[in-house]
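Enquirer: coords please:
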Amino acid sequence: MKTDTHFAFFDEGSKKEIRRAIIKAVAIPGYQVPFASREMPIARGWGTGGLQITLSIIGKSDVLKVIDQGADESVNAVSIKKLVHDTTGVELTEQTEEASLIQSRHRIPEVALTKDQIIVLQVPMPEPLRPVEASELKTKTMHAENDYSGAWLMLFEQIMKYGKTATAADHPVYVNDRYVMAPSPIPRFDNSKLHESEALILLGAGREKKIYAVPPYTNVESLAFDDYPFTVEAFEDKHCHICNSTDVFLDELIDPQTGETIHQCNDTSFCMDQLNKKVEEEAQKSYV
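Expert: Have a look, this model is predicted:
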């Protein structure tokens, strides 16, 4: 660990201010808490909101995992891991089960999270009403008055135009029967993982200077009309070409050798774990 910086980069005053915002966010599920977003050694838009939360709550005994759209080895994930490790010296892992703190961009891991874990989601646009209302003052008023007609109108217009809701990611959710919330650009497939999650879910938007949260065991429902129920990405009859997994979020790829469409687990560490388990099982069968 470097000695020329504070532990976890920030001074204690900055960390306390961000922690206070986090506490308020946990106390009011789904509510966007403004905070004094700090300047970071990475550009805004590259996960500064989530990184500020991680640096403010991480401790010396924590084990950190960072993923970017399911991958542990992407530029964004590697850069964030390096900054946190250089300023804390904490242990790093690619195994979801081993991590006490997970920072993620655009995905929630396939392995179910536990009560001993915290997941921090990076958020580019925290305001779910922004597509229908440009004024921050007006969106705050709409939240205060529980007026989410704009969010419903947005979904209705999608149905009129496409015959279905067309939110590929960041589909708005209703939290604790009170606030409509942007879940970050996770795929619709991951929305169900927010509901009654055992892990604490923290969401940070550095550029927009907002922190919000979904506490453990909180009711979270995806917005949907009764006659147009919420649906997720369909992967029926599809499986990962590496580990054979089904019922997970799959990426669609083109096999460079055959030109055919193939599918692969988006969560790379999950995929490798499943593959290793299959190899071990085959080895045991061969031994017997």
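Enquirer: helix or strand: which one has the residue most central in space within the chain?
Expert: Central residue of the chain (CA atoms, centre = their mean): Leu121, 3.8 Å from the mean position. Assigned by DSSP states H and E, Leu121 belongs to strand 118-122.
Enquirer: just checking: what are the partner strands of that strand?
Expert: strand 101-105 (parallel), strand 200-205 (parallel) (DSSP bridges).
Enquirer: buried residues in the last one?
Expert: By neighbour count, with 16 or more other CB atoms under 10 Å as the criterion, the buried positions of strand 200-205 are 200-205. (Each C-beta comes from the backbone N, C-alpha and C, glycine too.)
Enquirer: how close does Leu137 sit to Gly13?
Expert: 29 Å (CB to CB, to the nearest Å).
Enquirer: now Pro256
Expert: According to CB to CB, Pro256 stands 53 Å off from Gly13.
Enquirer: Ile108 too?
Expert: Ile108 is 32 Å from Gly13, by CB to CB.
Enquirer: so the two - more neighbours on which side?
Expert: Ranked by neighbour count (other CB atoms under 10 Å), Ile108 and Gly13 place Ile108 first, with 29 against 8.
Enquirer: shaky segments in the chain?
Expert: 1-4, 286-288 (pLDDT under 70).
Enquirer: what's the domain layout of it?
Expert: Using automatic domain parsing, the domain ranges for the chain come out as 12-127+183-219, 234-288.
Enquirer: could I get the full set of helices for the stretch 101-250 of the chain?
Expert: For the stretch 101-250 of the chain, the helices defined by DSSP state H, counting those that start in this stretch occupy 136-144, 149-162.
Enquirer: kindly reformat those helices as a markdown table containing mean neighbour count.
Expert: A markdown table is the format used below for the helices of the stretch 101-250 of the chain (neighbours: other CB atoms under 10 Å):
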| stretch | mean neighbour count |
| --- | --- |
| helix 136-144 | 14 |
| helix 149-162 | 14 |
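Enquirer: okay if I get these as JSON lines plus distance to Asp68?
Expert: Below are these laid out as JSON lines (distance: least, CB to CB, whole Å):
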{"stretch": "helix 136-144", "distance to Asp68": "28"}
{"stretch": "helix 149-162", "distance to Asp68": "27"}
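Enquirer: of all these, which lies closest to Pro216?
Expert: helix 136-144 (22.9 Å; CB to CB).
Enquirer: got the buried residues for the lengthiest helix in the chain?
Expert: If you go by DSSP state H, the chain has its longest helix at helix 268-287. For helix 268-287, a neighbour-count test (16+ other CB under 10 Å) marks 268-275 as buried.
Enquirer: assign Glu252 to helix, strand or coil.
Expert: Secondary structure, DSSP: H, G, I helix; E, B strand; the rest coil: Glu252 is strand.
Enquirer: quick one: contacts for Val90?
Expert: For Val90, the contact set (CB atoms under 8 Å, 6 or more residues apart in numbering) comprises 58-64, 84.
Enquirer: report the beta-bridge partners for Lys210.
Expert: Beta-bridge partners, per DSSP bridges, of Lys210: Pro34, Ala205.
Enquirer: picking that back up, nearest to Arg178, of the strands paired with strand 118-122?
Expert: It is, among the strands paired with strand 118-122 and with distance given as CB to CB, strand 200-205, at 16.0 Å.
Enquirer: and Val78, how many neighbours?
Expert: By other CB under 10 Å, 14 other residues sit near Val78.
Enquirer: so what does the strand or helix carrying it touch, helix or strand wise?
Expert: Per DSSP H and E: Val78 is located in helix 75-88. Using 3 or more CB pairs under 8 Å, 6 or more residues apart in numbering; DSSP states H and E as the contact test, the elements touching helix 75-88 are helix 48-57, strand 63-68, strand 101-105.
Enquirer: distance of Phe35 from Asn146?
Expert: 24 Å.
Enquirer: comparing the two, which residue is more hemmed in?
Expert: Using other CB under 10 Å, the more surrounded residue of Phe35 and Asn146 is Phe35, with 24 against 9.
Enquirer: and the residue lying closest to the more buried one once chain neighbours are set aside, helix, strand or coil?
Expert: Excluding the flanking residues, the one nearest Phe35 by CB to CB, 6 or more residues apart in numbering is Ala21, at 4.0 Å. At Ala21 the chain is in helix, as set by three-state DSSP.
Enquirer: what is the burial count for Ala21?
Expert: The burial count for Ala21: 23, using other CB under 10 Å.
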